[in-house]
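> mind looking at a prediction? Sequence and model below.
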Amino acid sequence: MNENFKLDIPKRPRRLRKSASILSLSQENFLNPADFILPVFVIDGRNRTQNVPSMPGVQRLSIDKLLRKCDSLLKKGIAAIAPFPSVDMRLKTPDAAEALNEKSLTNRTIREVKKRFPEMAVIADIALDPYTTHGHDGLLDESGREILNDETVEVLCGMALGAASAGADFVAPSAAMDGRTSAIREALDECGFTKTAIMGYSAKYASCFYSPFRDAVGSSKSAGTPTLDKRSYQINCANSREGLKEALLDEDEGADVLMVKPAGFYLDIIASLRPLTNLPIAAYQVSGEYSMICAAAKLGWLDFEKAKYESLISIKRAGADMILSYFADSLEPNDYFRSQ
Ligand code: PBG
């Protein structure tokens, strides 16, 4: 460096990055095991596990295996799960009748988990896709082209009642139908389930990043098409105001928690929603976000641990209070204190 060169700047932000201890003193956001909800895939039978090929490290589990997983999650401080059923093809129908069975795979799962681990919070998914032959979240009209709104909401209410009586702490209506939240709130209250909370899938975008999930629950296979088009009910990914409108509508309708989904590519929605509501915000880091990081790490193109951490801390930084993530299962104490 030229000896005459002098940079005369009083403000040097690097002072706060001088050492690991100073870095952590000024760190603004942290991961906390208590913020995480693990989505889990459930299958019928006993002592069964099945790998999900498009989601390395993720398995479908029979209920007994899931109970073992709950035990290990609780030991790690993770006290919330969101079960999704992978239902036998023979139980699927165009009208998703099995969704209303009080002994459906979902309802049995909720019941057994809550019986064995009352301290585990269970978030029950309320949508028809695991139970329909066509893989849509709602009922189809006779032409098979339109997803019926009000008829679907009626079934969702019945499903929510089933999950609430099985003991779910939250019902989470993920079928993006108009008026679902107020109808479900009313149905729950009428039947005395005033303590069952609603986690709204409030800003749910039509995303290609759901496809590994659809493999996991078998909803893409049932539709017979690789790309299930849900754009007539999920939000257009080009829109931000529309996501905020939906989220605020969900608050008005009585949701207790507002969710933004997916998370990583929708941080702007989380950050814009933060000052608009006093409700907790949940963010769902979806299957494709998970699988992308796993795939790049497998190829040696990304450091798995660092990419996992950065993807999650970004969601916290944007303003989410709780995160649904398939990584929740692989978080180690180290991850919570990491600063890079
Ligand atoms: C549908 C539902 C989806 C997910 C959760 N609930 C996908 C879809 O709309 O097909 C996706 C979650 C993920 O990708 O991890 N009710």
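Cool, got the structure. Residues are numbered from 1 along each chain as shown.
> how close does Tyr131 get to Leu105?
Separation of Tyr131 from Leu105 (C-beta to C-beta, to the nearest Å) stands at 9 Å. Just so you know, the C-beta spots here come from the backbone N, C-alpha and C atoms, and that holds for glycine as well.
> need the residues touching each of those two.
The contact sets of Tyr131 and Leu105 overlap at Val87 (C-beta atoms under 8 Å, 6 or more residues apart in numbering).
> now do the contacts for Leu16.
Applying C-beta under 8 Å, 6+ apart to Leu16 gives the contacts Ile22, Leu23, Leu25, Ser26.
> sec struct for it, please.
With DSSP: H, G, I helix; E, B strand; the rest coil as the basis, Leu16 sits in helix.
> still on that earlier bit, ok, so of the contacts of Leu16, who is nearest the ligand?
Closest approach between the contacts of Leu16 and the ligand, by C-beta to the nearest ligand atom: Leu23, at 32.5 Å.
> quick one: neighbours of that closest one, just the number.
A total of 13 residues lie near Leu23 under the criterion other C-beta atoms under 10 Å.
> so which helix or strand takes in it?
Element membership of Leu23, judged by DSSP states H and E, is helix 20-25.
> how far does that helix sit from the chain's center?
Distance of helix 20-25 from the chain centroid (C-alpha atoms, centre = their mean, to the nearest Å) equals 32 Å.
> give me the mean pLDDT for it.
Averaged over helix 20-25, pLDDT sits at 92.
> now do the helices in the stretch 101-250 of the chain.
For the stretch 101-250 of the chain, applying DSSP state H, counting those that start in this stretch gives helices covering 105-116, 149-166, 180-190, 211-217, 219-223, 241-253.
> the ones you listed: lowest mean pLDDT?
helix 219-223 (a mean of 61).
> what about Tyr131 and Leu105, which has more around it?
Tyr131 (28 against 23).
> pretty sure Thr196 is touching Ala164, no?
Yes: Thr196 is within contact range of Ala164, at 4.3 Å (criterion: C-beta atoms under 8 Å).
> residue contacts, Leu249?
Leu249 is in contact with Ser202, counting by C-beta under 8 Å, 6+ apart.
> any idea how far it is from the ligand?
Counting by C-beta to the nearest ligand atom, to the nearest Å, the gap from Leu249 to the ligand is 18 Å.
> what does Ile323 give?
12 Å.
> that residue and Pro280, how far apart?
Going from Ile323 to Pro280 by C-beta to C-beta gives 11 Å.
> ranges for the strands of the protein?
With DSSP state E applied, the chain shows strands at 36-43, 49-51, 59-62, 80-85, 121-126, 139-140, 147-148, 170-173, 197-204, 257-261, 281-285, 322-325, listed in chain order.
> looking at strand pairing, list the partners for the residue nearest the centre of the chain.
By C-alpha atoms, centre = their mean, the chain has its centre lying nearest to Tyr284, at 3.8 Å. On the basis of DSSP bridges, Tyr284 is bridged to Leu324.
> just to revisit the earlier point, put together TSV for the strands of the chain, with mean pLDDT on each row.
Listed next are the strands of the chain as TSV, based on pLDDT from 0 to 100:
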stretch	mean pLDDT
strand 36-43	98
strand 49-51	97
strand 59-62	98
strand 80-85	98
strand 121-126	98
strand 139-140	90
strand 147-148	92
strand 170-173	98
strand 197-204	97
strand 257-261	98
strand 281-285	98
strand 322-325	98
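> what residues does the closest residue to the ligand within the stretch 1-150 of the chain make contact with?
At 3.4 Å from the ligand, Ala127 is the closest residue in the stretch 1-150 of the chain, using C-beta to the nearest ligand atom. Counting by C-beta under 8 Å, 6+ apart, Ala127 touches Asp137, Leu156, Pro173, Ser174, Ala175.
> leaving out chain neighbours, which residue sits closest to it?
Setting aside the residues directly before and after it, Ala127 is nearest to Ala175 in space (C-beta to C-beta, 6 or more residues apart in numbering), at 3.7 Å.
> ok, that neighbour to the ligand distance?
Ala175 is 6 Å from the ligand, by C-beta to the nearest ligand atom.
> 30 is where my numbering starts, stick with that
In the new count, where the first residue is 30, that last one comes out as Ala204.
> give me the number of residues near that residue?
Count around Ala204 with other C-beta under 10 Å applied: 26.
> give me the pLDDT for it.
Taking Ala204 on its own, its pLDDT is 91.
> that one reaches Thr161, doesn't it?
No: counting by C-beta under 8 Å, Ala204 does not reach Thr161; the two are 10.3 Å apart.
> enumerate the residues of the stretch 130-279 of the chain near the ligand.
Residues of the stretch 130-279 of the chain found near the ligand (C-beta under 6 Å from any ligand atom) are Asp154, Ala156, Asp158, Asp166, Ser203, Ala204, Tyr239, Phe242, Arg243, Ser248, Lys259.
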